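Enquirer: For reference, the sequence and a predicted model appear below.
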Amino acid sequence: MQIAEVSAPQNLNEALSFYKRFPNVVPASGCTSLMLESSNKSISIISLHNIQELHKIAKTDRFIEFGAGVTLSRILQIPNIPQLFPLQKAIETIGTFSTRNLATIGGNLFVNGTGTLFPILVLLDANCELRTFNTIKTIKIYDLIKPQNKSMLPDSFIITKIRIPLEYSWQVFLFAKNSTNTFPDPETVLLALTADFLDSNCTNMRIMIHDGRVIRVRPVELYLIGKEFPLAGEEIETTLSIFSDLLIEQNFSKTQQYFFIENLINYLSNIPGD
Ligand SMILES: Cc1cc2nc3c(=O)[nH]c(=O)nc-3n(C[C@H](O)[C@H](O)[C@H](O)COP(=O)(O)OP(=O)(O)OC[C@H]3O[C@@H](n4cnc5c(N)ncnc54)[C@H](O)[C@@H]3O)c2cc1C
């Protein structure tokens, strides 16, 4: 990829006004994915890197809010907030230490389809703030998933904030990704599961699978919520059969199906845990 021109506004208003006048420029934050694009396309960039408003982290009793330009390393350094553990665990699988020092949470959302953090932010019920020069939208990240499980940033919008509620913390979080430290491609898949239990009864569960598409595994969730764990052999078999049908319907390769099934069996035999 060739960079024709770079503009580097110093504040958000300037950036939004520039983007309104030149809608074909590409917004860039840490540039860790843009610099890897192999096409010969020539693009002009609007760098959001100098905008201080996008680097802020704000915390209240009810939520933690990240400016879209907060780096993955900074999020990893936040101690003792259990509601952030799933996000931090997923961040550890993204790139190397030096990539994470530049890579941002906002830049991750729509990288190559959607990035690793998208499905995790869905599990955590996160919202994001999207802005144009004239409009501010706050939208649940889950609601950005469109038919065919594809997600796209609405045209002309810049991501400005990501807000994660702190009022609720899942008891169980499980995460598996088939490849770490590599740039995401359609072969890279992940499975993430959150669950709550009352004694041994599953009271709530969410399962996401991701390969750039973001797929919520509703049929399995619906089957498992209300069940007593550990599951009986027959119940495990039914769960896997429902899951397999969905994986085939979504055209996952045999290797990816094997990865998902193996990890789900592993999870089902270990939750609710101690
Ligand atoms: C070695 C390596 C391993 C990697 N591993 C992973 C991985 O496992 N999972 C993964 O998801 N990614 C991975 N990446 C890709 C990338 O580093 C991350 O997705 C990162 O979070 C992107 O953030 P960034 O700030 O660098 O985004 P950029 O490269 O600056 O931008 C990424 C995309 O988001 C858009 N964008 C950026 N900021 C905004 C904004 N505020 N508003 C609207 N659009 C915006 C850009 O136009 C671009 O399309 C890897 C990269 C490398 C080099």
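Expert: Everything's here; your move.
Enquirer: Can you get me a residue count around whatever residue of the stretch 1-150 of the chain ends up closest to the ligand?
Expert: Per CB to the nearest ligand atom, Gly107 is where the stretch 1-150 of the chain lies closest to the ligand, at 2.1 Å. Heads up, the C-betas are built off the backbone N, CA and C, glycines and all. For Gly107, the tally of surrounding residues (other CB atoms under 10 Å) stands at 25.
Enquirer: and if you look at Ala58?
Expert: 11.
Enquirer: which bits of the stretch 151-274 of the chain sit near the ligand?
Expert: Within reach of the ligand by CB under 6 Å from any ligand atom, the stretch 151-274 of the chain has these residues: 153, 158-159, 181-184.
Enquirer: and those, which are buried?
Expert: Among these, those classed as buried by 16 or more other CB atoms under 10 Å are 153, 158-159, 184.
Enquirer: I'd like those residues as CSV, with secondary structure and pLDDT appended.
Expert: Formatted as CSV, these follow (DSSP: H, G, I helix; E, B strand; the rest coil; pLDDT from 0 to 100):
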residue, secondary structure, pLDDT
Leu153, coil, 88
Ile158, strand, 96
Ile159, strand, 97
Pro184, coil, 73
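Enquirer: Farthest-apart pair in these, please.
Expert: Of all pairs drawn from those, the greatest distance, 21.7 Å, lies between Ile158 and Pro184 (CB to CB).
Enquirer: show me where the stretch 51-200 of the chain has strands.
Expert: Along the stretch 51-200 of the chain, the stretches classed as strands by DSSP state E, counting those that start in this stretch are 57-59, 63-67, 127-131, 136-140, 158-165, 172-177, 190-198.
Enquirer: Can you get me a residue count around the nearest residue to Ile3 once chain neighbours are set aside?
Expert: Residue nearest to Ile3 in three dimensions, not counting chain neighbours: Ile45, with 5.8 Å by CB to CB, 6 or more residues apart in numbering. Using other CB under 10 Å, Ile45 has 18 neighbouring residues.
Enquirer: ok, Ile45 to Val25 distance?
Expert: Look at Ile45 and Val25: by CB to CB, to the nearest Å, they are 6 Å apart.
Enquirer: Nothing else from me, thank you.
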